[in-house]
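Peer 1: got a predicted model here, sequence first, then my questions.
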Amino acid sequence: MQLPVVNLSDSAPAPAPQEGGADARGSYAVVSLGCPKNLVDTEQMLGRLDQDGYRMVGDVNAADFVVVNTCGFIDSAREESLGAIDEMLDLKRQGKIRGVVVTGCLAERQRGKLLEARPEIDAMVGVFGRNDIVDVAHRLKSGIQEQQRVFRPAPIRPLSDAVRSAVTPRHFAYLKISEGCDRLCTFCAIPKMRGKHYSKPIEQVVDEAKRLGDSGVREVVIVAQDTTYYGKDLYGTPKLTELLTELDKIDSIDWIRLMYFYPMYIDDRLVETLAGAERILPYIDMPLQHASDAMLKRMSRKTTRSLQEEIVGRLREQIKSLVMRTTMITGFPGETEDDFEQLVDFVAEQHFEHLGVFTYSVEEDTPAAKLPHRVPAKIAERRMSELMAVQQQIAFQWNADRVGSLDDVIIDSKFEEQEGVWIGRTRSEAPEIDGVVYVSGIESGSEPQVGDIVECEIVASQGYDLVAAPTA
């Protein structure tokens, strides 16, 4: 199993350790799993450990203890998290590391089961106990043998993410604007893990964004469980428009990307703000999940196919060159072949530039887990493959149509497999989930730096990816 062990070598520098040397407290490694929202939690815990004098290492075998920040969203994510925990516990048995700390959504959701099945775990830290990570590390470093359990109720206000040690490349970062979710989608266990929706005040989000910009971040990716619901709990009405208006004024940031829209609360003011913004990219991630009215009702999505068509049409009409990403679910309980064909037709009609598909995963303690008419896994997987085949044609043709156009490319890394080639993205690709742009034809002595934004001509397409050359 190849674990995503965090390494700060290409990221923003960590705070200097406390007086007494780099190992004054001890060393630790981090395995960070799950979504960008979980990644922000990882960065916050790293920031507190680094600030207190602990030293992070990129090799788990060189660490005193390992923090495994887990995901508990779907079956495959839970299996990956459990595999990572087991691998770290095996290293502990071999005497290569002293302790294993399990944090995040799986720790929050399955605390009893985890400890019963894996009693060698030294500490369990729930989603809202992340600020206690330093105390947990102190006790572990001091050799205290008793198992530590830190689970806090959801706070009245979101935890601050101002203290962070970035694990993304230094030129982009995720900015979490709210926590939890008030949606009661029947398939989703997020509210049980992360609680009800609660927003950071506008001033707090803007301050965190300015800190990121001042640290060298050029692209800020806005994340939340439900972005369009932002501010409803604090101000009585959604305030995403007001927040984006303030974020768009931050000169130190070049690109602002929007993720996790819900197809509600998208009014004319918000669309006008997006259309007229200077730094907010014409890119929206809006998971729709399905297009059959029967399925949308069973999922408790509070929308219909016609409403989704109206929203997507309005966004495309008013926002120039809009790029849209969405996700769909196949095999939801009760999904018939007719329901699936409606979904296929919808995807074929809407021409989403980016689309991901999941097969339904049974989540315990959710209403959907009790629904009748389960769809066999093989049928769900077959439908997923068929839907992705339709989307592949759309995506490949869209990329082919981009050949010959000019676009800015943000450089993410050097392509190690070929000299003189760099990997980047245009405004149309979100980091880590969409395709990439291979930039070649760079003259010797004018190589870009990671984080540079370079004007390029798109010269070829390779499936989901592009090839480009600088215009100067």
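Peer 2: That came in fine, so what should we check first?
Peer 1: determine the longest helix present in the protein.
Peer 2: helix 377-401 (DSSP state H).
Peer 1: can you point out the buried residues in that one?
Peer 2: Going by neighbour count (16 or more other CB atoms under 10 Å), the buried part of helix 377-401 is 380, 383-384, 386-388, 390-391, 394-395, 398-399. Every C-beta, even on glycine, is put in place using the N, C-alpha and C of the backbone.
Peer 1: do stretch 206-221 as well
Peer 2: Quick answer for stretch 206-221 (16+ other CB under 10 Å): 206, 208-213, 217-221.
Peer 1: quick one: average confidence on it?
Peer 2: The average pLDDT within stretch 206-221 is 96.
Peer 1: quick one, strands of the stretch 251-400 of the chain?
Peer 2: 255-258, 280-285, 323-330, 354-359 (DSSP state E, counting those that start in this stretch).
Peer 1: dump these into TSV; add distance to Glu108 and mean pLDDT as well.
Peer 2: Shown next, in TSV, are the strands of the stretch 251-400 of the chain (distance: least, CB to CB, whole Å; pLDDT from 0 to 100):
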stretch	distance to Glu108	mean pLDDT
strand 255-258	27	98
strand 280-285	24	97
strand 323-330	23	98
strand 354-359	21	97
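Peer 1: quick check: pLDDT value at the closest residue in space to Ser292 that isn't next to it in sequence.
Peer 2: Sequence neighbours aside, Asp339 is the residue nearest to Ser292 in space, at 3.9 Å (criterion: CB to CB, 6 or more residues apart in numbering). Note for Asp339: predicted pLDDT of 98.
Peer 1: which residues touch Asp339?
Peer 2: 290, 292, 294-295 (CB atoms under 8 Å, 6 or more residues apart in numbering).
Peer 1: show me the chain divided up by domain.
Peer 2: Following automatic domain parsing, the chain resolves into domains at 8-150, 172-401, 406-470.
Peer 1: Ala166 is nearest to which of those domains?
Peer 2: domain 8-150 (3.9 Å; CB to CB).
Peer 1: rounded mean pLDDT for that closest one, please.
Peer 2: 84.
Peer 1: likewise stretch 384-399?
Peer 2: On average, stretch 384-399 scores 98.
Peer 1: can you list the weak-confidence ranges in the stretch 151-300 of the chain?
Peer 2: 156-159 (pLDDT under 70).
Peer 1: do a quick rundown of the helices in it.
Peer 2: 190-194, 202-214, 232-235, 240-247, 268-276, 293-298 (DSSP state H, counting those that start in this stretch).
Peer 1: send the alpha carbons of the longest one over as CSV?
Peer 2: In CSV, the C-alpha atoms belonging to helix 202-214 read as follows (Å, rounded to 0.1, in the frame of the first residue of the first chain):
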residue,chain,number,x,y,z
ILE,A,202,-16.6,37.0,6.9
GLU,A,203,-13.8,38.8,8.7
GLN,A,204,-12.2,35.6,9.8
VAL,A,205,-12.3,34.1,6.3
VAL,A,206,-10.8,37.2,4.8
ASP,A,207,-8.1,37.3,7.4
GLU,A,208,-7.1,33.7,6.7
ALA,A,209,-7.2,34.4,3.0
LYS,A,210,-4.9,37.4,3.4
ARG,A,211,-2.5,35.3,5.5
LEU,A,212,-2.4,32.7,2.7
GLY,A,213,-1.7,35.4,0.0
ASP,A,214,1.0,37.0,2.1
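Peer 1: quick check: angle from it to helix 240-247?
Peer 2: Orientation check (axes from the mean of the first three to the mean of the last three CA atoms, to 10 degrees): helix 202-214 against helix 240-247 gives 40 degrees.
Peer 1: what's helix 202-214 in contact with?
Peer 2: So helix 202-214 is contacted by 158, 160-162, 173, 175, 177, 200, 220, 231, 239, 242-243, 246-247, 250-253 (CB under 8 Å, 6+ apart).
Peer 1: show me how far it is from its chain's centre.
Peer 2: In terms of CA atoms, centre = their mean, to the nearest Å, the centre of helix 202-214 is found 19 Å from the chain centre.
Peer 1: same question for the fourth one.
Peer 2: Here helix 240-247 shows a centroid-to-chain-centroid distance of 21 Å under the convention CA atoms, centre = their mean.
Peer 1: could you list the alpha-carbon positions for that helix in PDB?
Peer 2: Extracted in PDB, the C-alpha atoms of helix 240-247 (Å, rounded to 0.1, in the frame of the first residue of the first chain):
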ATOM      1  CA  LEU A 240     -21.500  33.900  -0.100                       C
ATOM      2  CA  THR A 241     -22.000  36.900  -2.300                       C
ATOM      3  CA  GLU A 242     -20.700  39.300   0.300                       C
ATOM      4  CA  LEU A 243     -17.800  37.000   1.200                       C
ATOM      5  CA  LEU A 244     -16.700  36.600  -2.400                       C
ATOM      6  CA  THR A 245     -16.900  40.300  -2.900                       C
ATOM      7  CA  GLU A 246     -14.400  40.800  -0.100                       C
ATOM      8  CA  LEU A 247     -12.100  38.000  -1.200                       C
END
